[in-house]
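> When you get a sec, could you give me coordinates for this:
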Amino acid sequence: MTNKYPIIDLHEDLFLHISRRDLFPKGEWQTNPDMIRDNKLKLVVATAFPVPSNENFFDPVVNEMIEYEFDSYNDLIKKEKWSLIQTAKDVDRALKSDSSISLLLHIEGLNVIDDQSWDMLERWYSKGWRSLGIVWNLSNPLGGGANDLTQGLKQLGTDVIQWCQSKRMIVDLAHMNEQTFWDATKIIERPLYVSHGNCRSLCDSPRNYSDDQLRAIAKTDGLIGFFFAKTYVTSREKPATIKDIVAHIEHARKIIGDDNIALGTDFGGIIHGYPDGLGSLNSLSTLFTALVDEGWTEKMLEKLCFMNAARVLKTYL
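Next comes the predicted model:
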């Protein structure tokens with residue numbers, strides 16, 4: 001089917017994909033400005049995820065890289081005549097416009113930080129930064145990532161989350177281990193938000209979310225965006241198809257309903273494979289066809305594509 005819905009994508013590693021083509025040896029594009037435009041994406045949460053040449057994610061250079069990525073995103077916005085999302089009104093404007101595309105700036109893992117970093121965070125905020133995932137897979141001074149099964153939220157993590165809430169910034173629970181997730185839920189005052197995650201009951205990885213976590217998200221009228229990295233759909237070793245990602249979306253819908261699910265593709269950051277037939281923004285219409293074949297209505301697709309995401313983003317911003 002031809003996609004006829006505006007789309008909010010809650011997670012793309014857009015800068016990484018454009019700037020580090022060496023990480024994608026087949027040369028295939030998962031996302032780029034033309035693909036965003038051609039596939040009716042209206043709002044993309046664009047990630048600053050610096051990968052230093054030495055792949056030491058705790059190298060102090062990563063903070064310089066984050067700032068450079070924010071400046072580069074702002075340059076891209078000017079070049080493409082796009083818009084920057086900073087407020088709830090900006091989200092409404094993005095969806096109402098027939099031609100405009102908007103980026104919302106996100107950091108995935110605040111690894112090099114201490115209690116003297118507040119001026120740096122304020123400077124990034126002034127550049128338009130509005131969304132933070134405090135950890136990536138690796139634990140850091142803020143809390144435990146998905147690769148660490150024991151470390152919970154640290155005091156600095158609590159302080160940063162509270163700072164984000166005071167600035168009306170989005171707090172993203174993606175990549176947290178379960179202990180950090182539950183610790184964070186105790187202090188987050190807005191709907192629980194996972195930009196990109198899948199169902200642990202279908203793919204048993206600490207990077208995915210248990211049914212209890214899904215219910216906690218829904219209890220706050222929050223949101224989980226589904227993503228297409230094969231490692232977290234079936235596993236890195238097993239093949240995956242569009243039917244497998246449909247199974248994740250359908251499982252969540254049956255557990256929590258269709259008001260708390262969205263898309264967070266992770267395109268631009270999928271290095272270890274994706275489901276057959278779902279390797280770029282150009283294949284989203286195939287996913288929608290598969291959902292229709294499962295009995296999805298137009299209203300359900302609208303919720304998945306943009307309505308649910310817009311509601312939660314506006315609640316934060």
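> When you work out contacts or count neighbours from here on, use the C-alpha atoms and nothing else.
Will do.
> Now do the strands in this protein.
In chain order, the chain shows strands spanning 7-12, 41-48, 83-84, 102-108, 129-133, 170-171, 193-194, 223-226, 261-263, with DSSP state E as the criterion.
> Can you add distance to Ser280 and mean neighbour count and give these back as JSON lines?
Below are the strands of the chain laid out as JSON lines (distance: least, C-alpha to C-alpha, whole Å; neighbours: other C-alpha atoms under 10 Å):
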{"stretch": "strand 7-12", "distance to Ser280": "11", "mean neighbour count": "27"}
{"stretch": "strand 41-48", "distance to Ser280": "13", "mean neighbour count": "26"}
{"stretch": "strand 83-84", "distance to Ser280": "23", "mean neighbour count": "21"}
{"stretch": "strand 102-108", "distance to Ser280": "18", "mean neighbour count": "24"}
{"stretch": "strand 129-133", "distance to Ser280": "23", "mean neighbour count": "24"}
{"stretch": "strand 170-171", "distance to Ser280": "26", "mean neighbour count": "26"}
{"stretch": "strand 193-194", "distance to Ser280": "21", "mean neighbour count": "26"}
{"stretch": "strand 223-226", "distance to Ser280": "14", "mean neighbour count": "28"}
{"stretch": "strand 261-263", "distance to Ser280": "13", "mean neighbour count": "29"}
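> Ok, which of those comes nearest Phe58?
Nearest to Phe58, of all the strands of the chain, is strand 102-108, at 13.0 Å by C-alpha to C-alpha.
> With Leu281 as the reference, measure out to Asn39.
Plainly put, Asn39 is 7 Å away from Leu281 if you go by C-alpha to C-alpha, to the nearest Å.
> likewise Val171?
Separation of Val171 from Leu281 (C-alpha to C-alpha): 25 Å.
> next one: Asp71
Taking C-alpha to C-alpha, one finds Asp71 at 24 Å from Leu281.
> Give me the residue ranges of the chain where confidence is low.
Applying pLDDT under 70 to the chain flags the ranges 1-2.
> And the helices in the stretch 51-200 of the chain?
Under the criterion DSSP state H, counting those that start in this stretch, the stretch 51-200 of the chain contains helices at 61-80, 88-96, 118-126, 155-166, 178-185.
> okay, those in a markdown table with mean neighbour count and distance to Leu110 next?
Formatted as a markdown table, the helices of the stretch 51-200 of the chain follow (neighbours: other C-alpha atoms under 10 Å; distance: least, C-alpha to C-alpha, whole Å):
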| stretch | mean neighbour count | distance to Leu110 |
| --- | --- | --- |
| helix 61-80 | 16 | 9 |
| helix 88-96 | 17 | 24 |
| helix 118-126 | 13 | 10 |
| helix 155-166 | 17 | 10 |
| helix 178-185 | 20 | 14 |
